[in-house]
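Trainee: Attaching a predicted model along with its sequence, questions to come.
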Amino acid sequence: MKLKLVNAPTYISKEFRLKKGEVVEVEDKKVAERMLETGLFEEVKEKSKK
């Protein structure tokens, strides 16, 4: 799942060091859901490539 940091200037954790607007690929679904619950991230939808 791809997540984009939108509601904080930076996000630092054990695994990630992100600045606002950066997109990160999260393999573990539980971790991704926990990150979404913080309200700091939004899910990035895949755009279909033509």
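Mentor: Received, thanks.
Trainee: Against Lys30, how distant is Gly21?
Mentor: Computed as C-beta to C-beta, to the nearest Å, the Gly21 to Lys30 distance reads 25 Å. All C-beta spots, glycine's among them, are computed from the backbone N, C-alpha and C.
Trainee: Now do the helices in the protein.
Mentor: In the chain, the segments counted as helices under DSSP state H are 29-37.
Trainee: any low-confidence regions in it?
Mentor: Where the chain drops to pLDDT under 70, the residues are 48-50.
Trainee: same thing but 80
Mentor: 46-50 (pLDDT under 80).
Trainee: Okay, strands next: where are they in this protein?
Mentor: Listed in chain order, the strands of the chain (DSSP state E) span 2-5, 10-12, 17-19, 23-25, 41-43.
Trainee: Including distance to Arg34, could the ones you listed go into TSV?
Mentor: Formatted as TSV, the strands of the chain follow (distance: least, C-beta to C-beta, whole Å):
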stretch	distance to Arg34
strand 2-5	11
strand 10-12	13
strand 17-19	15
strand 23-25	13
strand 41-43	10
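Trainee: CSV please, covering those and showing mean neighbour count.
Mentor: Shown next, in CSV, are those (neighbours: other C-beta atoms under 10 Å):
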stretch, mean neighbour count
strand 2-5, 18
strand 10-12, 13
strand 17-19, 14
strand 23-25, 13
strand 41-43, 16
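Trainee: List the contacts of Ser41.
Mentor: Actually, residue 41 is Phe. It isn't Ser. Listed by C-beta atoms under 8 Å, 6 or more residues apart in numbering, the contact set of Phe41 reads 3-7, 11, 35.
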